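Engineer: Would you be able to build a 3D model of this:
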Amino acid sequence: MAVAARIQERADALRELLHHHDHQYYVLDAPEVPDAEYDKLLRELQELESQHPELATPDSPTRRVGGATLEGFAKVRHAVPMLSIRTETDIEPTGARNFDARVRRELGLKDDDPPVAYIAELKFDGLALNLRYEGGKLVQAATRGDGAVGEDVTQNIRTIGQIPLRLKGSGWPAVLEVRGEVFMSRADFERLNELQRAKIAQGAKNEKTFVNPRNAAAGAVRQLDPAIARQRPLSFFAYGWGEITAPEQGGPAFERHHEVLRAMKAWGLPVSDRITVAHGADDLIAYHQGVGRERDSLPFDIDGVVYKVDSLALQRKLGFVTREPRWAVAHKFPAQEQVTTVESIDIYVGRTGKLTPVARLAPVFVGGVTVTNATLHNEDEARRKDVRVGDSVIVRRAGDVIPEVVAVVPDRRLPGALQFTMPRSCPVCGSEALRGEGEADYRCTGGLFCGAQRKQAILHFAQRRAMDIEGLGEKLVDQMVEAGVIRTLPDLYKLGLGNLVDLERMGEKSAQNLLAGLEQSKTASLPRFLFGLGIRHVGESTARELARHFGKLDGIMEASVEQLLAVPDIGPIVAESVHAFFQQPHNREVIEQLRACGVHWPEGEPAVQTPKPLAGKTVVLTGTLTTLSRDEAKDMLEAAGAKVAGSVSKKTDYVVAGAEAGSKLDKALALGLTVLDEEGLRALLAPS
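Structural biologist: Model prediction:
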């Protein structure tokens, strides 16, 4: 045999042997040789490929070592979109029954029909990934991205030992896209952070510990240097698929979801052994409860379980609603709790002026993240729980998202701990903080002046349905506020080219377009201006009613609460809010400055009020209408006196459903409400 042939044969044999040992070690957790023996084989293959580059193959185990540093990630358009899964809002085990009932109803099954077969699996807390195999070889790995377009992370994913570079066995399709989750086990996460702490202690710069396993995994996948990515231990589980060669084109034929997963496992892909076939709601509930009991002892973080209809034919029959499959649901667990200490209680001022007491906590790991802050919601809640600085408290991640203080541990309270008192002025701008009658929250009254509300106030003022300032988007507002170019709304109309061209990514042409948009916006209407001021509880409909009733802005500004209550559809809460807003000197000053800058609108006498055909009616819009945008339909309904609500209830009078109407339509039909299409909407609005 020629030398070249012997070298080729040895390289092939080494690759085959190393693929086998990779599968035994990473997937089956049953290594057959010591690490030193594996390393010896790998070094031999590396030397052969180095001496004979023509022998290297894309699926060689040596490719796991990592390649050159990337300048950025290329975009990948998914052949089949990576859709999100609907979340069951009932976190109790009975939420599984809600899903089963919905599936049976949509399939038209009767009570005495057999139970539906489902796949029940863990919901891993990691990063969704799409692996593309062609001819059994891994050719591309991409993140979910926005569902349609992700990022090419192939080089980094090759470093994950669990992911085969070449499929095992036979029978796999010519094209197979594997969907799954990249994650980091708790043990690997702790080891990684120990290493990071050691580096920091030794004076290493630009090093930090990681907050939780999910962030560490996501950061590794999106690391531009594959060599660094390889140092971060990642794992992977497959749970679904994207593009796959169809049976009529030579691909394998499957009838059930679990059959595909079983085939993937045979092809060398890691599939969780916690996946099971469940029959009906009772089996789903039992699975949810069983996993819930073992959640803390699992070697990795999960934030729930997932149920999927097992039959692929039934999946196709159920189809999709918007961007979610009807045949699958994510079912979360009740929140997790831990004990920690309150180090201080600060007041956070939100973008809308709401004052929220926030407990600053000694760091504690809860539900997969390190928590250092927890909301106390409002004064009543803080007083009810009697949270004080220095207290030991039970912290929960409500819905696995927002940390909150559940209760105080009274036996651990320090002597002399002072009761919490809500401030009566805004800690950011000093304006008076008021609590409306019947409301739980204090709010800063300096809406047009307060620094905490500055960005929100500007964006609200500039939006299309208010002053419609062309070219003034969120990123630009962020830049101008951070640079100190804008402090209050009138500063917008004092801008010049010199203020703008120095901003990042702002050329002279863009600056001139923005200035032209600002100049054009000076000619407004009173309802748009009122809405743009961002007065709490004053939406577009209320702004129109105020303008129609008073005719002039000065009349609104000087109106008493009693006079405001005379406006149709305005009750005590809205009247108090409008009155309080215009009583603040800061707000009046901003309005006068806007007028001085040339902002104006037509004014007239109060309009004569006439009855409206849909007064007192509540309408919900859902889906996409053919000839009307959602805003246009809302305007028409509100002009006719209707209230346009965002959710369906027994008090809803009409539901207008367009194409791809989702859960709102389902609820309307279940409640027996009147459902209209676009033609029905126009008939409803037509003069009688």
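Engineer: Now do the contacts for Ser60.
Structural biologist: Taking CB atoms under 8 Å, 6 or more residues apart in numbering as the contact definition, Ser60 lies against Arg15, Leu45, Glu49, Leu165. For glycine as for every other residue, the C-beta is placed from the backbone atoms N, C-alpha and C.
Engineer: In PyMOL, select just the buried ones from those residues.
Structural biologist: The PyMOL command for the buried members of the contacts of Ser60 (criterion: 16 or more other CB atoms under 10 Å) is given here:
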select buried, resi 15+45+49+165
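Engineer: Helices along the stretch 1-150 of the chain, start to end?
Structural biologist: 3-22, 35-51, 95-107 (DSSP state H, counting those that start in this stretch).
Engineer: now, the most widely separated pair of the contacts of Ser60?
Structural biologist: Glu49 and Leu165 (13.9 Å; CB to CB).
Engineer: ranges for the strands of the stretch 501-650 of the chain?
Structural biologist: Using DSSP state E, counting those that start in this stretch, the strands assigned to the stretch 501-650 of the chain run over residues 618-622, 643-645.
Engineer: CA atoms of the longest one as CSV?
Structural biologist: What follows is strand 618-622, C-alpha atoms only, in CSV (Å, rounded to 0.1, in the frame of the first residue of the first chain):
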residue,chain,number,x,y,z
THR,A,618,-66.8,48.5,24.8
VAL,A,619,-65.1,47.1,21.7
VAL,A,620,-62.0,44.9,21.4
LEU,A,621,-59.9,44.7,18.1
THR,A,622,-57.9,41.6,17.3
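Engineer: helices or strands up against that strand?
Structural biologist: helix 630-639, strand 643-645, strand 654-657, helix 663-671 (3 or more CB pairs under 8 Å, 6 or more residues apart in numbering; DSSP states H and E).
Engineer: Ser577: which of the ones you listed is closest?
Structural biologist: Taking the helices and strands packed on strand 618-622 one by one with CB to CB, strand 643-645 is closest: 17.5 Å.
Engineer: Can you flag the weakest of the helices and strands packed on strand 618-622 by average pLDDT?
Structural biologist: Within those, confidence is poorest for helix 630-639, with a mean of 81 (mean pLDDT).
Engineer: And Gly219, how far from Leu234?
Structural biologist: Separation of Gly219 from Leu234 (CB to CB, to the nearest Å): 10 Å.
Engineer: same check, this time on Arg388
Structural biologist: Arg388 is 43 Å from Leu234, by CB to CB.
Engineer: Same check on Asp100?
Structural biologist: 35 Å.
Engineer: Next: Gly507.
Structural biologist: In terms of CB to CB, Gly507 sits 42 Å off from Leu234.
Engineer: Give me the more crowded residue out of these two.
Structural biologist: Leu234 (25 against 11; other CB atoms under 10 Å).
Engineer: list the contacts for Pro58?
Structural biologist: Pro58 neighbours (CB under 8 Å, 6+ apart): Lys137, Leu138, Val139, Leu165.
Engineer: tell me which of these is nearest to Gly438?
Structural biologist: For these, the nearest to Gly438 is Leu138 (60.7 Å; CB to CB).
Engineer: quick one, phi/psi of the closest residue to the closest one other than its chain neighbours?
Structural biologist: In this structure, Leu138 finds its nearest non-sequential neighbour in Leu165, 5.0 Å apart by CB to CB, 6 or more residues apart in numbering. For Leu165, the backbone dihedrals (degrees, to the nearest 10) come out as phi -80, psi -20.
Engineer: Surely Leu165 and Asp59 touch.
Structural biologist: Yes: shown here, Leu165 and Asp59 form a contact pair, counting by CB atoms under 8 Å, at 4.1 Å.
Engineer: what's the overlap in contacts for these two?
Structural biologist: Common contacts of Leu165 and Asp59 (CB under 8 Å, 6+ apart): Lys137, Leu138.
Engineer: gap between stretch 303-312 and the chain center?
Structural biologist: 21 Å (CA atoms, centre = their mean, to the nearest Å).
Engineer: got the CA coordinates for that stretch in CSV?
Structural biologist: Below are the C-alpha coordinates for stretch 303-312, written out as CSV (Å, rounded to 0.1, in the frame of the first residue of the first chain):
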residue,chain,number,x,y,z
ASP,A,303,-38.0,27.4,34.2
GLY,A,304,-40.9,25.0,33.5
VAL,A,305,-42.0,22.1,31.3
VAL,A,306,-43.3,22.0,27.7
TYR,A,307,-46.2,20.0,26.3
LYS,A,308,-46.5,19.1,22.6
VAL,A,309,-49.2,17.1,20.8
ASP,A,310,-47.4,13.9,19.8
SER,A,311,-49.2,13.2,16.5
LEU,A,312,-47.6,15.1,13.6
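Engineer: count of neighbours near the residue nearest to His460 when sequence neighbours are not counted?
Structural biologist: Leaving aside its chain neighbours, His460 sits nearest to Gly534 (4.6 Å; criterion: CB to CB, 6+ apart). When neighbours are defined as other CB under 10 Å, Gly534 has 23 of them.
Engineer: Repeat that for Glu44.
Structural biologist: Neighbours around Glu44, by other CB under 10 Å: 14.
Engineer: Can you pull out the low-pLDDT segments for the stretch 101-250 of the chain?
Structural biologist: 211 (pLDDT under 70).
Engineer: Mind doing that once more with 80?
Structural biologist: Within the stretch 101-250 of the chain, the ranges that satisfy pLDDT under 80 run 146, 200-212, 224-230.
Engineer: which residues of it fall in strands?
Structural biologist: Using DSSP E, counting those that start in this stretch, strands in the stretch 101-250 of the chain cover 117-124, 127-134, 137-143, 149-151, 175-183, 235-244.
Engineer: Check the gap between the closest residue in space to Gln8 that isn't next to it in sequence and Glu540 for me.
Structural biologist: Leaving out its chain neighbours, the residue that sits closest to Gln8 by CB to CB, 6+ apart is Leu55, at 6.3 Å. In this view, Leu55 and Glu540 are 70 Å apart by CB to CB.
Engineer: repeat for Gln289
Structural biologist: For Gln289, the distance to Glu540 - CB to CB - is 47 Å.
Engineer: Can you name the residues that contact Gly571?
Structural biologist: Leu565.
Engineer: now it: how far from Leu564?
Structural biologist: The value you get for Gly571 to Leu564, if CB to CB is used, is 10 Å.
Engineer: Same check on Ala462?
Structural biologist: 27 Å.
Engineer: Ok, Thr652 next?
Structural biologist: Per CB to CB, Thr652 is found 28 Å from Leu564.
Engineer: So what sits opposite Val369 in the bridge?
Structural biologist: Val366 (DSSP bridges).
Engineer: pretty sure it is touching Pro213, no?
Structural biologist: No: using CB under 8 Å, Val369 is not in contact with Pro213; the gap is 9.4 Å.
Engineer: And these two? Which one has more around it.
Structural biologist: Each of Val369 and Pro213 has its neighbours counted (other CB under 10 Å); Pro213 has more, 26 against 19.
Engineer: list the contacts for that one?
Structural biologist: Asp125, Gly126, Phe183, Met184, Ser185, Arg186, Asp188, Phe189, Phe300, Asp301, Gly368 are the contacts of Pro213 under CB under 8 Å, 6+ apart.
Engineer: mind putting those in JSON lines, neighbour count and distance to Gln202 included?
Structural biologist: What follows is the contacts of Pro213, written out as JSON lines (neighbours: other CB atoms under 10 Å; distance: CB to CB, whole Å):
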{"residue": "Asp125", "neighbour count": "21", "distance to Gln202": "31"}
{"residue": "Gly126", "neighbour count": "24", "distance to Gln202": "30"}
{"residue": "Phe183", "neighbour count": "24", "distance to Gln202": "29"}
{"residue": "Met184", "neighbour count": "29", "distance to Gln202": "23"}
{"residue": "Ser185", "neighbour count": "17", "distance to Gln202": "26"}
{"residue": "Arg186", "neighbour count": "16", "distance to Gln202": "25"}
{"residue": "Asp188", "neighbour count": "19", "distance to Gln202": "21"}
{"residue": "Phe189", "neighbour count": "22", "distance to Gln202": "21"}
{"residue": "Phe300", "neighbour count": "23", "distance to Gln202": "29"}
{"residue": "Asp301", "neighbour count": "22", "distance to Gln202": "29"}
{"residue": "Gly368", "neighbour count": "19", "distance to Gln202": "29"}
